[in-house]
Every structure is written in C-alpha cells, then in structure tokens.
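1. Sequence plus predicted model, see below.
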Amino acid sequence: MSGKPLRSYAEVKEPRQPKPRRRPPKINPRTGGHRFKHLVNEPLREFVRGLDCVLAGKPGCRGATEAAHVRARGAGGEDFDNLVALCQAHHRELHFVGRRTFEYQHKLRLKVYARATTARWLKLQRSRA
C-alpha cells in the first residue's frame, strides 16, 4: 500500500459548470413576435376573435374567444382555412387532449368549421370592396 492518503469523492470530481442561459427571443413589434410571420393573417384573426366559440352553449364554455389553429403552424398549417373560434377553456382542452380526441368528444370536425369561417370572412371582404 502506498503512503498517499485516500481522497474523498467530493475532492476528486470536477466542479459542476453552470448551464448557459438561453436568451429570450427578441420580439419584433411589427410582426407581434410571431415565429411564422409569413403565415399570419391578422385581419382574419381579428374576425375569428369576434365570433362566438364553435361550442357556445355547451358545458364548460367560458372565457374570451381565441383564434385556434386546427393544424399547428409548425406542422405546416397557416391562418387561411385553418382558424376556428374557441373560448379559452375549449382552446386549452384542444391542446391538452389533441385534435382527434377533441373532435371525437364534441362530435365535430374543426377543419369544416375553419373553411366555413374563412368563407364568411372572404364574403365580408368582398362586400366591403
């Protein structure tokens, strides 16, 4: 046996380096901080936010109306033919359970509502022109 004293594990292991902090993304005030700014149609979104929830009158319908995407923008969805009006509670539920389960539970097809909503908006735009 050598004459060196045994060292403890705390002395042997290297000190832990702190993880670098991620900076929050800079928000462009012109685009509102949207990641997919080329897919944003703000007039259509405002129109959708002014509508009632597609499940209005059903239990659990509460909160302000939000423009919910049927297909996520990250998955290739854009605003056109892809937005439905949902209250905050149902929008949260949609994200929690997923689109297919949400449609099955509420017996509706969100894509049909999204196309109808866009058609109503286009008709309104043509009548104003």
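-> Great, that's in hand. Numbering: from 1, shown residues only.

2. going forward, measure contacts between C-alpha atoms and count neighbours the same way
-> Will do.

3. What mean pLDDT does the longest helix anywhere in the chain get?
-> The single longest helix within the chain, with elements called by DSSP state H, is helix 110-128. Averaging pLDDT along helix 110-128 yields 91.

4. Mind listing what's buried along that helix?
-> Across helix 110-128, burial judged by 16 or more other Cα atoms under 10 Å covers 110-111, 113-115, 117-118, 121.

5. quick one: contacts of it?
-> For helix 110-128, contacts defined as Cα atoms under 8 Å, 6 or more residues apart in numbering pick out 44, 47-48, 54, 70, 80-84, 103.

6. tell me how far it is from the chain's mean position?
-> Helix 110-128 sits 21 Å away from the centroid of its parent chain (Cα atoms, centre = their mean, to the nearest Å).

7. again, but for stretch 78-94
-> Its chain's average C-alpha position is 9 Å from that of stretch 78-94, according to Cα atoms, centre = their mean.
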